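> Got a sequence here, can you model it:
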Amino acid sequence: MRAPAFWWRPPGLASALLAPLGAIYGAVAVARLKRRGASAGVLVICVGDPTLGGAGKTPAAIALAKLLLAAGERPCFITRGYGGSERGPCLVDPAVHGADAVGDEALLLARTAPTVIAADRVAGARFAVQVKPTVLVLDDGFQNPALEKDFSLLVIDGASGIGNGRVFPAGPLRAPLAAQLEKAHALVCSGKGAAGDAIAAFAAKRGIPAFAAKIVPDFLAVQKLAGQRVLAFAGIGRPEKFFRTLADIGAKVAERSTFPDHHPYSPREAEELLATAKTRSLVLVTTEKDQVRIARVPELAALHAASATLPIMLEFDDEAGLMKRMAGAVRR
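Okay, the predicted model is just below:
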């Protein structure tokens, strides 16, 4: 879905009219959060998003898995495989699976550690035993009570925070923030901003520490794109973050094309992007998430070949502090 613009503005008429529906949705979500989940029989760490996408949850999950690998652990990702047809449980094989089967995020996760997609997270956790993990990392699923979590991390975007602070459909929150923080062990604020600072302060009053993080673009991609006039296209939760990153590295964003999150590109859309780039002498550039959806689709081969990618990774400012907090929560 494409998030409505009013979600990210101060509360107005649209959010006020939808507030009663948000209250009902929020009450159901809070009741679900209070349920006790099934034990996986192995350590479970959840990386969630209090809002409906775009905060940087998947990059945070990947960064956390890399820390666990460096600490000698054997992480295995569990994810729903949103946007794919496969319900699982299934072990992702990037050499075999395309985004149409397992979703774009699963393919990105599988580059770092074994990844299991499963609509049923309990079944996914049991299936993951075959890769002998010492820890399961849930990419999303914080609001899903099916599986018991040992440590839960909520990721917010520093610039946008939680938008208008309302619960879906009146705003981007999946449940009231206070109720979500009751189930969280730590907060990660991706990027700087007053909105993120306000949420970090709100969490601190409830004993939830906030860890700062930043998005770091790939050095080689930066060298290739800096100074270039580009046509940037993205089908992610918050496309403006991608466009802002391009501007920050020195690319000149002459044209922007936005699509809904997890958007499956059509041949016609590919042709239009290619034609516009050619007419205006622009370099096509997109996100890794979009690029894996385009790959392995014969009708989109020309767009895939013509599009540059800007890979990014998330870095925690205090990696040692985060690992210490996680270890302490797990011991308790």
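
> Give me the contacts around stretch 112-123.
37-38, 40, 62, 65-66, 69, 74-81, 84, 86-92, 102-103, 106, 109, 124-125, 127-128, 131, 133, 137-138, 141, 144, 146-147 (CB atoms under 8 Å, 6 or more residues apart in numbering). For every residue, glycine as well, the C-beta is placed using N, CA and C.

> and if you look at stretch 218-227?
246, 249-252, 283, 285, 308-313.

> Show only the entries of the residues you listed found in helices.
Members of these lying in helices (criterion: DSSP state H): Leu246.

> okay if I get the contacts of stretch 218-227 as CSV plus neighbour count and distance to Leu177?
CSV is the format used below for those (neighbours: other CB atoms under 10 Å; distance: CB to CB, whole Å):
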residue, neighbour count, distance to Leu177
Leu246, 23, 30
Ile249, 16, 32
Gly250, 12, 36
Ala251, 25, 35
Lys252, 14, 38
Val283, 18, 40
Val285, 25, 34
Ala308, 16, 37
Thr309, 20, 34
Leu310, 23, 31
Pro311, 15, 31
Ile312, 19, 26
Met313, 13, 27
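
> In strands, which of the contacts of stretch 218-227 appear?
252, 283, 285, 308-309, 312-313 (DSSP state E).

> before we move on, back to that, among the contacts of stretch 218-227, which pair sits farthest apart?
Greatest spatial distance in the contacts of stretch 218-227: Lys252 and Met313, 23.7 Å, computed using CB to CB.

> The stretch 101-250 of the chain: helices as residue ranges?
Taking DSSP state H, counting those that start in this stretch as the criterion, the stretch 101-250 of the chain contains helices spanning 104-109, 121-127, 177-182, 194-204, 219-225, 239-248.

> Excluding its own residues, what touches the third one? List them.
It stands for helix 177-182. Contacts for helix 177-182 (CB under 8 Å, 6+ apart): 26, 29-30, 33, 50, 142-143, 154, 162, 165, 173-174, 187, 199, 202-203, 206, 208.

> What subset of the residues you listed is buried?
Neighbour counting over the contacts of helix 177-182 (16 or more other CB atoms under 10 Å) leaves 26, 29-30, 33, 50, 142-143, 154, 162, 165, 173-174, 187, 199, 202-203, 208 as the buried ones.

> Bridged to Met313, which residues?
Going by DSSP bridges, Met313 is paired in beta bridges with Val216.

> Contact partners for it?
59, 62-63, 215-216, 218.

> go again using 10 Å as the cut-off
Counting by CB atoms under 10 Å, 6 or more residues apart in numbering, Met313 touches 59, 62-63, 66, 214-218.

> Then Tyr265?
Applying CB under 10 Å, 6+ apart, the residues near Tyr265 are 233, 235, 259, 273, 286, 290, 293-294, 297, 299-300, 303-304.

> Using neighbour counts, trim those to the buried set.
233, 235, 259, 273, 286, 290, 293-294, 297, 300, 303-304.

> if we can go back for a sec, which one, of the helices of the stretch 101-250 of the chain, ends up nearest to Ala16?
Comparing those by CB to CB, helix 177-182 comes nearest, at 18.4 Å.

> avg pLDDT for the closest one?
Average pLDDT, helix 177-182: 95.

> For the closest residue to His262 other than its chain neighbours, report the pLDDT, please.
Nearest non-adjacent residue to His262, counting by CB to CB, 6 or more residues apart in numbering: Gly83, 3.8 Å away. What the model reports as pLDDT for Gly83 is 84.

> Just give me the neighbour total for Gly83.
Gly83 has 20 neighbours, counted by other CB atoms under 10 Å.

> helix, strand or coil for it?
Under DSSP: H, G, I helix; E, B strand; the rest coil, the three-state class of Gly83 is coil.

> contacting residues for the most centrally placed residue in the chain?
Centroid-nearest residue in the chain, with CA atoms, centre = their mean: Lys57, separated by 3.2 Å. Neighbouring residues of Lys57 by CB under 10 Å, 6+ apart: 47-51, 105, 139-140, 142, 153-156, 188, 190, 237, 314.
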